[in-house]
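*Asks:* I would like to see how this sequence folds:
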Amino acid sequence: MNSQQIFALALGLEKPWTIENLSLKKGEKDIFGQLDIFINFERGAKFKDENGDLNPVYDTSEHRWQHLNFFQHECFIHARVPRTINGNNEIKTVQVPWARPGSGFTLLFEAFSMLLIESEMTVSKASKVMRVVPNRIWRVFNYWISKAVSTDVLTDVKQIGIDETSTKKGHNYVTIFADLDTSRSIHVTPGKDAETISDFVAALENKKGNIDNINTISMDMSPAFISGAVTHLPNAQIVFDKFHLVKMLNESLDEVRKLERKGNDMLKGHKYTILRAYKRLKDNKKEDLHMLLESYPKLGEAYRFRELFNDMWQIKDPQESKGYLLFWCDLVMESGIAPFKKFVNTVKAHWSGIAAYFDKKVTNGVLEGINNKVQLAKRRARGYRNIQNFINMIYFLTSKLKFDYPQYPL
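*Replies:* Sure, this is the predicted structure:
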């Protein structure tokens, strides 16, 4: 078996494709060499069209693709790509088996690039490994993500969660839609306004989904999201995220702490002594907490209200939970603690979506997990300048997409 036959076997070439020539140029000093593989097809060969008919070659054109490195040397494939002519005098370019149309890389090169990214390597770092500029890897990445997203099927989606995140701190937001039943993101779109819901509905219907099947939407109290959901998904029950509500209550407790802090040095440095869950405090911090709550009665009462509120989540009966929440609201309104009264007014203004939690028991916990992956990717990449790159990275990390490029074992 000669070298041409060995490389033909390694590349998986089948008739009528053959290796015509090989050329290896050695590099000098720190410069890598280059292996060039020249592929041709047998004289008189015919090629199948999309209908399976064999058609003769009309003409050819020279093409080049970058392949995986051969040892330390860069590797390129060169070939005369034929165009065929069919019985209707239609001329079409033959699809070569080692690369996709329009790409300057082989399929194996692209697959290995995707594997590096899948292995939590940044695109910038992957481009150095593959010895190309980052933009070329981004184009490969975006092609395969867009293709997989376009073939995703959303027929069975019934419960969704909505949340937003930014490309980097304080810049360009995107909204993420997740299927709460399968714990994966199913749509990502620029912005965080009501039109993001409209964009999701269009994508849902395009992927064989049905808005009438959407019975639950878990989200925060964003007026834009509420408006979009009411307008575009009128049959779905809005459920305000439990964790968002708890966060708002903690912010109210912190406001009370700040009001009590004025002129009282004893409270200095104890923000998280008060805000952190009691069971997570160390023994010395528990002692400090008891002392502070006794020394500042209003803060102590606000802290007690926070603990009473959190007890509500342990109640299993939906009607009993709703009754408890109403009772808790009455206690707060009688207390006169302004930040907590403001919180109660928010609860009453959003009662339907808050009370729905006790019936549906859904949260945005899935989106919290998705967001953790997104934040980690953002930190590695130090933010994303291109919003479409960011959107596709979210799909790649969190959508459980299926790709049809060659797979490498991890």
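*Asks:* need the helix or strand of the protein with the lowest average pLDDT.
*Replies:* Lowest on mean pLDDT, DSSP states H and E among the helices and strands of the chain sits helix 3-11, with a mean of 76.
*Asks:* let me see the ranges of the strands in the protein.
*Replies:* Secondary structure of the chain (DSSP state E): strands at 17-25, 34-41, 46-48, 54-70, 73-85, 91-93, 159-168, 171-179, 184-190, 216-219, 237-240.
*Asks:* adding mean neighbour count, mean pLDDT and distance to H270, write the ones you listed out as JSON lines.
*Replies:* Where you see a C-beta, it was placed from the backbone N, CA and C, and this is true even at glycine. As requested, the strands of the chain are exported to JSON lines (neighbours: other CB atoms under 10 Å; pLDDT from 0 to 100; distance: least, CB to CB, whole Å):
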{"stretch": "strand 17-25", "mean neighbour count": "15", "mean pLDDT": "91", "distance to H270": "70"}
{"stretch": "strand 34-41", "mean neighbour count": "19", "mean pLDDT": "93", "distance to H270": "65"}
{"stretch": "strand 46-48", "mean neighbour count": "15", "mean pLDDT": "90", "distance to H270": "76"}
{"stretch": "strand 54-70", "mean neighbour count": "15", "mean pLDDT": "92", "distance to H270": "58"}
{"stretch": "strand 73-85", "mean neighbour count": "18", "mean pLDDT": "93", "distance to H270": "61"}
{"stretch": "strand 91-93", "mean neighbour count": "14", "mean pLDDT": "90", "distance to H270": "72"}
{"stretch": "strand 159-168", "mean neighbour count": "21", "mean pLDDT": "90", "distance to H270": "31"}
{"stretch": "strand 171-179", "mean neighbour count": "21", "mean pLDDT": "91", "distance to H270": "34"}
{"stretch": "strand 184-190", "mean neighbour count": "22", "mean pLDDT": "96", "distance to H270": "39"}
{"stretch": "strand 216-219", "mean neighbour count": "25", "mean pLDDT": "96", "distance to H270": "33"}
{"stretch": "strand 237-240", "mean neighbour count": "23", "mean pLDDT": "96", "distance to H270": "30"}
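*Asks:* can I get the helix ranked longest in the chain in CSV? Just the C-alpha atoms.
*Replies:* For the chain, the helix that runs over the most residues, judged by DSSP state H, is helix 242-261. The C-alpha trace of helix 242-261 is given here as CSV (Å, rounded to 0.1, in the frame of the first residue of the first chain):
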residue,chain,number,x,y,z
LYS,A,242,-41.0,32.3,43.6
PHE,A,243,-37.2,33.1,43.8
HIS,A,244,-37.8,36.5,42.3
LEU,A,245,-40.4,37.2,45.0
VAL,A,246,-38.0,36.1,47.8
LYS,A,247,-35.3,38.4,46.3
MET,A,248,-37.7,41.4,46.4
LEU,A,249,-38.6,40.7,50.0
ASN,A,250,-34.9,40.5,50.9
GLU,A,251,-34.4,43.9,49.3
SER,A,252,-37.2,45.3,51.4
LEU,A,253,-35.5,43.9,54.5
ASP,A,254,-32.2,45.5,53.4
GLU,A,255,-34.0,48.8,53.1
VAL,A,256,-35.1,48.5,56.7
ARG,A,257,-31.5,47.8,57.7
LYS,A,258,-30.3,50.9,55.9
LEU,A,259,-32.9,53.1,57.6
GLU,A,260,-31.9,51.7,61.0
ARG,A,261,-28.2,52.0,60.1
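*Asks:* since that was my last question, I'll sign off now.
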